[in-house]
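Chemist: 3D, please:
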Amino acid sequence: METLTQITLQPLLAEHYPQVKAIYEQGIATGNATFQTSAPTWETWDAVHLPHSRLVAITDSGKVAGWAALSPVSGRCVYGGVAEVSVYLHEDFRGQGLGARLLSQLIQESEANGMWTLQAGIFRENEASIGLHQKCGFRTVGMRERIGQLDGQWRDTVLLERRSSTVGL
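Modeler: As a prediction, this is how the structure comes out:
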């Protein structure tokens, strides 16, 4: 595990994607981060994430330590202020508070862009991610039992949400 020296949060750009993709692949390899089994190309990733509220955590040596971004939950206009959260950390930087820093900044950016609800669907085994979201003001809405299969196994997800106290009142 690498220790955090100086981390800067900045907008996630195409040039960061090779490192972002590698971090995503680390998450995929855990078997408890996503239903995805491979990381997409930049073009595909870019197309399915909102153009705002995309962050990377950069070390003083230029290494991407983590990233966070939002995906729309629906194409229907009534859900225009609702997004799904993704937060991923490089394995060398987990457990040091960086996830909370990224998620807190993502919340601020989302509200500045008119988002009133953020949601996360997290495998119930991923206690660290559930705890991170709860620490950042997300509440558990419920359990989605056998919502999808990963490698032929049905998986449950915990559905969490965070309502803005400033947007959509």
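Chemist: what about the strands in this structure?
Modeler: Defined through DSSP state E, the strands belonging to the chain, from first to last, are 7-11, 55-59, 64-72, 82-89, 117-123, 139-150, 153-163.
Chemist: export the ones you listed to TSV and tack on distance to Q36, mean neighbour count and mean pLDDT?
Modeler: Every C-beta, even on glycine, is put in place using the N, C-alpha and C of the backbone. Formatted as TSV, these follow (distance: least, CB to CB, whole Å; neighbours: other CB atoms under 10 Å; pLDDT from 0 to 100):
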stretch	distance to Q36	mean neighbour count	mean pLDDT
strand 7-11	23	14	96
strand 55-59	19	21	97
strand 64-72	12	22	98
strand 82-89	10	22	98
strand 117-123	12	21	97
strand 139-150	9	12	96
strand 153-163	12	17	97
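Chemist: could you dump the ones you listed into CSV and include distance to T44?
Modeler: Conversion of the strands of the chain to CSV gives the following (distance: least, CB to CB, whole Å):
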stretch, distance to T44
strand 7-11, 19
strand 55-59, 18
strand 64-72, 12
strand 82-89, 14
strand 117-123, 20
strand 139-150, 19
strand 153-163, 22
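Chemist: can you tell me which of these is nearest to G95?
Modeler: Smallest distance to G95 across the strands of the chain (CB to CB): 8.7 Å, for strand 82-89.
Chemist: separation between D46 and S86?
Modeler: Separation of D46 from S86 (CB to CB, to the nearest Å) stands at 13 Å.
Chemist: among the strands of the chain, which comes closest to A39?
Modeler: Comparing these by CB to CB, strand 82-89 comes nearest, at 10.3 Å.
Chemist: centre of the chain to the closest one, how far?
Modeler: Strand 82-89 has its average C-alpha position 2 Å from the chain's average C-alpha position, going by CA atoms, centre = their mean, to the nearest Å.
Chemist: stretch 149-169 now?
Modeler: For stretch 149-169, the distance to the chain centre is 11 Å (CA atoms, centre = their mean).
Chemist: and T41, which of the strands of the chain is closest to it?
Modeler: When the strands of the chain are ranked by proximity to T41, the top entry is strand 64-72, at 15.3 Å, counting by CB to CB.
Chemist: in its sheet, what does that closest one sit against?
Modeler: Using DSSP bridges, the neighbouring strands of strand 64-72 in the sheet come out as strand 55-59 (antiparallel), strand 82-89 (antiparallel).
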